[in-house]
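*Asks:* no FASTA, just this:
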């Protein structure tokens, strides 16, 4: 069976989505490794800093549900570009904040803007995937991981060279805005879905979403939230843990985050093929177990090398978790275009909001090592909740990759 040829326009659009995901990852990754410096400059405890970071979740919760109607009105391409420009500006405001209160307000803005970027980039990525006719969403999320690795290494270099955090983020912001302008020109034009006839739209508006669909969306959201807990452990706490409790120097402390994001990338680059071959349920369940066992071992026998490996295994384990949940949420019956994806993204932000404050509160009462046990819990939940996912491989893709037998002589 031959695979349908992909048009140059669609290939360019795929590159444009790659740029959008990659630059979004680079924003967070350039800030996160410098959290110890930022926290020290602001004079905040672990709990206070976790609470300030949590305000990004408040911003996403406050504005995230508006993403779907805004995207339907202005298209995912335009919303993606405009939101990324604002996000770069918000990142600079965050690192310029002179106290914890203004830092929290800046993170509120970052969370609100990032919730629009998140829905826009995934909506456009899923649109390109539908045009491709095969699963490529994990590769898009893989580019987010590429951006995170590049950003983490950039931050490590800036730390080693004693470049002030404000100067570092200002230069990065200019570069990322320029990249997004280039990427925008590659994205697909027009609305993100075919316009429906007025009668069909009216009927759909009257249709109620079945209770079982809401339950399914809730479980998918839980899976995504657990994936977010693992990612946030690296974003918010890996550098603090390695530096403060394991005595790693500042440059080495950044590599917990880099390891998770590097293995995130590996998992997402091979994830589409693995899911097509073995099904969503099996790959997600195995990933949850890898996360729990890898990070559990790192916490039981703490050392700098084992901790970096543990974060790497956790990143590999949850690599496909959020893309799978978003893909399934976007295809749930009964919702208008983008609504299932937006609701899941909103719930995902709730997870990001809760994670820093939970880990920070536990760390203040005990230590950060105990707080990071949340990663192990998340891995176990993912493995159990994977039961709702599809266990069937993508036979269409497998058949397309299998050579047709030669006729017998």
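*Replies:* Yep, that arrived. Quick caveat, the model's predicted, so the values are computed rather than measured.
*Asks:* give the contact list for the closest residue to residue 240 other than its chain neighbours.
*Replies:* Counting by C-beta to C-beta, 6 or more residues apart in numbering, residue 36 is the residue found nearest to residue 240 once chain neighbours are left out, at 5.7 Å. Yep, even glycine has a C-beta here, placed from its N, CA and C like the rest. Neighbouring residues of residue 36 by C-beta atoms under 8 Å, 6 or more residues apart in numbering: 239-240, 243-244, 250, 253.
*Asks:* what's the answer for residue 18, then?
*Replies:* 139-140, 143, 183.
*Asks:* If you go by neighbour count, which of those are buried?
*Replies:* Neighbour counting by 16 or more other C-beta atoms under 10 Å classes 139-140, 143, 183 among the contacts of residue 18 as buried.
*Asks:* Out of the contacts of residue 36, who's the most crowded?
*Replies:* Using other C-beta atoms under 10 Å as the neighbour criterion, residue 239 leads the contacts of residue 36 with 30 neighbours.
*Asks:* Mind telling me what element it is part of?
*Replies:* Element membership for residue 239 (DSSP states H and E) is helix 238-240.
*Asks:* now what about that helix, what contacts it?
*Replies:* Here helix 238-240 makes contact (C-beta under 8 Å, 6+ apart) with 32-33, 35-36, 39, 46, 250, 253-254, 256-257, 260, 307, 311, 368.
*Asks:* which one of those residues is nearest residue 210?
*Replies:* Nearest to residue 210 among the contacts of helix 238-240 is residue 260, at 37.2 Å by C-beta to C-beta.
*Asks:* what's the closest residue to that closest one other than its chain neighbours in contact with, if anything?
*Replies:* Using C-beta to C-beta, 6+ apart and skipping residues adjacent in sequence, the residue nearest residue 260 is residue 315, 3.5 Å away. Contact partners of residue 315, counting by C-beta under 8 Å, 6+ apart, are 145, 230-231, 234, 259-264, 267.
*Asks:* buried set for the helix or strand encompassing residue 315?
*Replies:* Assessed by DSSP H and E, residue 315 sits inside helix 304-317. The neighbour-count check on helix 304-317 (16+ other C-beta under 10 Å) flags 304, 306-317 as buried.
*Asks:* One more: stretch 280-290?
*Replies:* In stretch 280-290, counting by 16+ other C-beta under 10 Å, buried: 280-285, 287-288, 290.
*Asks:* Backbone dihedrals for residue 73, please?
*Replies:* Here is the backbone geometry of residue 73 (degrees, to the nearest 10): phi -80, psi -40.
*Asks:* what about it, how many neighbours?
*Replies:* The tally of other residues near residue 73 (other C-beta under 10 Å) stands at 10.
*Asks:* Look up the pLDDT of it for me, please.
*Replies:* Looking at residue 73, its pLDDT is 87.
*Asks:* Please shift the residue numbers so they start at 463 in all later answers.
*Replies:* Right, with 463 as the first residue, what we last looked at is residue 535.
*Asks:* OK, contacts around it?
*Replies:* Neighbours of residue 535 in contact, by C-beta under 8 Å, 6+ apart: none.
*Asks:* how close does it sit to residue 742?
*Replies:* Distance, residue 535 to residue 742, using C-beta to C-beta, to the nearest Å: 32 Å.
*Asks:* Would you indicate which residues of the helix or strand hosting residue 545 are buried?
*Replies:* Assigned by DSSP H and E, residue 545 belongs to helix 538-558. When neighbours are counted by 16+ other C-beta under 10 Å, the buried residues of helix 538-558 are found to be 538-550, 552-557.
*Asks:* Over to stretch 477-493?
*Replies:* Quick answer for stretch 477-493 (16+ other C-beta under 10 Å): 478-493.
*Asks:* how far does it sit from the chain's center?
*Replies:* Computed by C-alpha atoms, centre = their mean, to the nearest Å, the chain-centroid distance of stretch 477-493 equals 10 Å.
*Asks:* Now do the phi/psi pair for residue 649.
*Replies:* Residue torsions, per degrees, to the nearest 10, at residue 649 are phi -70, psi 160.
*Asks:* what residue ranges in this structure score low on pLDDT?
*Replies:* 463-467, 655-669, 799, 853-871 (pLDDT under 70).
*Asks:* for it, what's the longest helix?
*Replies:* As assigned by DSSP state H, the longest helix anywhere in the chain is helix 562-594.
*Asks:* and that one with helix 538-558, angle?
*Replies:* 160 degrees (axes from the mean of the first three to the mean of the last three C-alpha atoms, to 10 degrees).
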